[in-house]
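Engineer: Model the structure of this input:
(one chain, ligands or ions: 1)
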Amino acid sequence: MLIISTGKHCSQTASLIAAALAAMVLLCLHIPSTLAQSAPETEKVPAIAFAARLVGDDNRARLLVDFDKKVDYEIYLLDDPKRLIVDLSETVFSLNPDAKRLSSPLVADIRQGTLEPGKSRIALDLAQSVVVEKKALRKVSSGNRHRLIIDLLKSSDADFLKVARKPVETFRPITVAPRNTSGPKKFTVVLDPGHGGADGGAAGRRGAIEKEITLSFVKRLRTALEAEGRFNVVLTRENDSFVSLGSRLETARNVKADLMISVHADSLRQRSIRGATVYTLSERGSDALARALARKQNRADLVAGLELPKIDTDVTDILIDLTRRETEAFSKSFARIMVDQMATGIRLIGNPQRSADFFVLKAPEVPSVLLELGYLSNEEDEKLMQSEQWQAKVVELTKLAILGFFKPRMGQ
Ligand SMILES: [Zn+2]
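Structural biologist: The predicted structure follows:
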């Protein structure tokens with residue numbers, strides 16, 4: 001179950017830090033939290049922290065965090081070690097994965113994640129004694145956006161101790177990745193951003209290109225999953241390069257993936273059709289639309305002049321057959337969880353769980369699904385898929401589905 005992902009939790013944390021420490025850098029945060037399994041009530045939808053920055057000098061620091069709606073918060077200092085804690089109602093953090101690591105004289109590190117279902121936390125490890133000079137949550141411009149503002153002022157140790165709480169060691173955020181590998185088992189998830197390089201995939205009327213949407217979504221999802229500390233995440237491509245269907249599938253097999261999610265945003269002939277869809281493998285296909293899509297997708301390798309490799313489908317060994325059946329069951333089970341989870345937050349196509357003969361889903365021992373985020377042939381879908389907030393929401397829902405899928409095996 002080894003993995004070769006780039007990021008890892010360290011860089012995860014690092015980028016968070018970056019968020020804070022940045023000298024005026026705006027980050028797109030994108031990291032969810034929460035385990036509310038099926039919570040259709042809108043009240044239960046977590047807030048999204050979609051941007052954060054930290055500015056300041058040797059004596060002061062100002063942390064700004066932007067939310068898509070009002071959040072409940074509590075801010076306090078903790079001693080031993082020195083930390084500033086921001087407890088929040090359930091929040092999804094969406095972090096720009098490309099953020100550079102930065103440093104600040106007052107803050108050594110910043111982490112965020114789920115504290116417990118319904119509660120999230122940002123923790124700043126302090127490099128100096130500080131006091132909170134000001135804190136406020138303000139409505140920003142129109143809409144429902146709110147900005148949390150926290151001003152820190154360098155202080156003496158004595159002043160810090162006057163206000164700091166004693167640590168009550170019950171809170172270690174569960175989504176912060178463990179610093180060593182002796183924790184519970186990690187699951188390997190392969191994320192496969194559809195298309196790339198010469199194969200751009202579908203293109204929308206507003207200019208969206210499938211290969212870009214799939215890559216940006218997948219990177220956000222990786223960030224969110226890594227923040228949970230329970231997953232090794234491997235991408236089949238990290239940048240705008242062509243990767244054959246065969247090698248995507250081989251990646252999943254080589255790393256012994258526990259789950260593979262291939263992400264697309266294709267076009268359909270029928271422009272009115274829209275909404276997310278989750279596909280699993282089947283030779284026959286659940287319907288004409290699914291079959292047409294699979295045919296089109298399986299031709300992707302032709303762009304590079306490649307032929308699809310042959311996968312031996314003759315079942316001569318009963319063990320292989322059993323493995324396939326088990327894989328199929330897992331794939332369908334995940335697809336169902338995924339559809340249920342998606343249904344709580346975004347629009348789905350009619351009959352959102354479909355199947356067809358997608359080549360990339362054929363690793364016999366890897367549960368695999370293909371997620372169509374939406375269809376670029378539909379302008380409404382295109383608009384949504386270009387929106388950072390929408391992507392953040394779908395990342396959160398997908399992450400929850402993944403957590404739900406592995407939960408019985410997490411044994412915590
Ligand atoms: Zn596609």
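Engineer: now the stretch 51-200 of the chain, which segments are flagged as low pLDDT?
Structural biologist: For the stretch 51-200 of the chain, the stretches with pLDDT under 70 are 94-103, 114-117, 167-184.
Engineer: which ones are touching Ile337?
Structural biologist: With contact set as CB atoms under 8 Å, 6 or more residues apart in numbering, Ile337 has these partners: 401, 404-405. From N, CA and C alone the C-beta is placed, and that goes for glycine too.
Engineer: ok, now with 10 Å
Structural biologist: 37-38, 278, 369, 400-405, 407 (CB atoms under 10 Å, 6 or more residues apart in numbering).
Engineer: Glu133 against Ser155, yeah?
Structural biologist: Yes: when contacts are counted by CB atoms under 10 Å, Glu133 is listed as touching Ser155 (9.3 Å).
Engineer: Neighbour count for the two, which is higher?
Structural biologist: Ser155 (19 against 13; other CB atoms under 10 Å).
Engineer: still on that earlier bit, what about the contacts of Ile337, which are in helices?
Structural biologist: 400-405, 407 (DSSP state H).
Engineer: Flag whichever of the residues you listed scores worst on pLDDT.
Structural biologist: In terms of pLDDT, the lowest of the ones in helices among the contacts of Ile337 is Lys407, showing 85.
Engineer: hang on, Leu106 packs against Glu133?
Structural biologist: No: assessed by CB under 10 Å, Leu106 is found out of contact with Glu133, at 11.9 Å.
Engineer: and for these two, which residues touch both?
Structural biologist: Shared contacts of Leu106 and Glu133, counting by CB under 10 Å, 6+ apart, come down to 60-61, 152-153.
Engineer: Okay, now the unreliable bits of the stretch 251-400 of the chain?
Structural biologist: Looking at the stretch 251-400 of the chain by pLDDT under 70, you get 302-321.
Engineer: Report the beta-bridge partners for Lys139.
Structural biologist: His146 (DSSP bridges).
Engineer: Would you mind measuring from Arg362 to Ala294?
Structural biologist: That one is not Arg; residue 362 is Lys. 11 Å (CB to CB, to the nearest Å).
Engineer: what sits in contact with each of those two?
Structural biologist: Leu281.
Engineer: So which residues of this structure form helices?
Structural biologist: 8-21, 157-163, 210-228, 245-254, 288-298, 318-343, 379-385, 388-410.
Engineer: Please identify the most buried of these.
Structural biologist: helix 210-228 (a mean of 25; mean count of other CB atoms under 10 Å).
Engineer: Tell me how confident the model is about it, as a mean pLDDT.
Structural biologist: pLDDT averaged over helix 210-228 gives 97.
Engineer: Which residues of the stretch 51-200 of the chain lie near the ion?
Structural biologist: Gly194 (CB under 5 Å from the ion).
Engineer: Find the closest residue to the ion in the stretch 51-200 of the chain.
Structural biologist: As assessed by CB to the ion, the ion sits closest to Gly194 within the stretch 51-200 of the chain, at 4.0 Å.
Engineer: Contacts only, for that residue.
Structural biologist: Residues in contact with Gly194 (CB under 10 Å, 6+ apart) are 201-202, 210-211, 213-215, 217-218, 236-237, 243, 245, 248, 262-266, 297, 300, 360, 370-373.
Engineer: which ones among these come in contact with the ion?
Structural biologist: Of the contacts of Gly194, the ones that also sit near the ion (CB under 5 Å from the ion) are 201, 264, 266.
Engineer: can I see the domain layout of this protein?
Structural biologist: What automatic domain parsing lists as the domains of the chain is 8-163, 187-410.
Engineer: Any idea how far apart the tips of the last one sit?
Structural biologist: Just to be clear, that refers to domain 187-410. For domain 187-410, the separation between the terminal residues is 9 Å (CA to CA, to the nearest Å).
Engineer: one step back: which of the contacts of Ile337 lies closest to Lys139?
Structural biologist: Taking CB to CB as the measure, Lys139 lies nearest Leu400 of the contacts of Ile337, at 28.0 Å.
Engineer: pretty sure that closest one is in contact with Leu221, am I right?
Structural biologist: No: the criterion here is CB under 10 Å, and Leu400 misses it with Leu221 at 11.5 Å.
Engineer: Once you drop chain neighbours, what's closest to the residue in the stretch 151-300 of the chain that the ion sits nearest to?
Structural biologist: Using CB to the ion, the single residue of the stretch 151-300 of the chain nearest to the ion is His264, 3.5 Å away. Sequence neighbours aside, Gly194 is the residue nearest to His264 in space, at 4.0 Å (criterion: CB to CB, 6 or more residues apart in numbering).
Engineer: now that neighbour: how far from Val263?
Structural biologist: 6 Å.
Engineer: Name the residues contacting each of those two.
Structural biologist: Applying CB under 10 Å, 6+ apart, one finds that Gly194 and Val263 are jointly contacted by 210, 213-215, 217-218, 370-373.
Engineer: Reformat the residues you listed into a markdown table and put distance to Tyr73 next to each item.
Structural biologist: Listed next are the shared contacts of Gly194 and Val263 as a markdown table, based on distance: CB to CB, whole Å:
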| residue | distance to Tyr73 |
| --- | --- |
| Glu210 | 38 |
| Ile213 | 33 |
| Thr214 | 34 |
| Leu215 | 33 |
| Phe217 | 28 |
| Val218 | 31 |
| Leu370 | 39 |
| Leu371 | 33 |
| Glu372 | 37 |
| Leu373 | 31 |
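Engineer: got the contact list for the nearest residue to Arg284 once chain neighbours are set aside?
Structural biologist: Spatial nearest neighbour of Arg284, excluding adjacent residues (CB to CB, 6+ apart): Asp357 at 7.6 Å. Applying CB under 10 Å, 6+ apart to Asp357 gives the contacts 279, 281-285, 290-291, 294-295, 297-298.
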